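S.K.: structure for this input, please:
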Amino acid sequence: MSHVVDSHRKILFLCTGNYYRSRFAEHLFNHLADARNIPWRASSRGLSNDTGPWKVGPISKFAIEGLQTRKVPAAESHREPVYCEEPDLHRADLVIALKEAEHRPLMLKRFAKWVERIEYWHVHDIDVAHPVEALAELEQLVRGLVDRLAGQERASA
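M.R.: Residues are numbered from 1 along each chain as shown. All right, here's what the predicted structure looks like:
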């Protein structure tokens, strides 16, 4: 890689538990941004620290399978989900919540002054959409985001 990590602009992907959608988006975005040599780096956080019986291990098996299917390398050992705190929002140049209907109320409750300052997508969680469908939609959105940011980088060069 030809650029220094500290020079990267930062994207923060938000979802409910930082276990499935946001983790997939983070890994996919970083893989695509590196391949396109754009100076952006993604991280992800959860807006709720509630867990349930669905949480097996540090990251969803569906996220891992989705990344493997797309040949996106991921760490051999994954971190546990991380709960979003206000400094996370301040450090980001762009914040994207992955499902407006689900995440806007959580943002209002925890970070009201940020509600209108972030971008909202509409990717369903596993209770509404099968992971194959949800991750395909999320992949399309992440690829579009990478294209958008690459275009902005070219325009400002």
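S.K.: enumerate every residue touching residue 143.
M.R.: Residues counted as contacts of residue 143 (Cβ atoms under 8 Å, 6 or more residues apart in numbering) are residue 32. (Each C-beta comes from the backbone N, C-alpha and C, glycine too.)
S.K.: what strand or helix carries it?
M.R.: Per DSSP states H and E: residue 143 is located in helix 131-156.
S.K.: now residue 42
M.R.: With DSSP H and E as criterion, residue 42 is part of strand 40-46.
S.K.: next one: residue 95
M.R.: Judged by DSSP H and E, residue 95 forms part of strand 94-97.
S.K.: output the contacting helices and strands for that strand.
M.R.: Judged by 3 or more Cβ pairs under 8 Å, 6 or more residues apart in numbering; DSSP states H and E, strand 94-97 is in contact with strand 9-15, helix 100-110, strand 119-120.
S.K.: let's have these in a markdown table, adding mean neighbour count and distance to residue 150.
M.R.: Listed next are these as a markdown table, based on neighbours: other Cβ atoms under 10 Å; distance: least, Cβ to Cβ, whole Å:
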| stretch | mean neighbour count | distance to residue 150 |
| --- | --- | --- |
| strand 9-15 | 23 | 12 |
| helix 100-110 | 16 | 25 |
| strand 119-120 | 14 | 17 |
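S.K.: how near is residue 129 to residue 98?
M.R.: From residue 129 over to residue 98 the distance is 12 Å, taken as Cβ to Cβ, to the nearest Å.
S.K.: what do these two both touch?
M.R.: residue 123.
S.K.: quick check: end-to-end length of stretch 57-65?
M.R.: Using Cα to Cα, to the nearest Å, one end of stretch 57-65 lies 14 Å from the other.
S.K.: where in this protein is pLDDT low?
M.R.: For the chain, the stretches with pLDDT under 70 are 1-6, 51-56, 75-76, 157.
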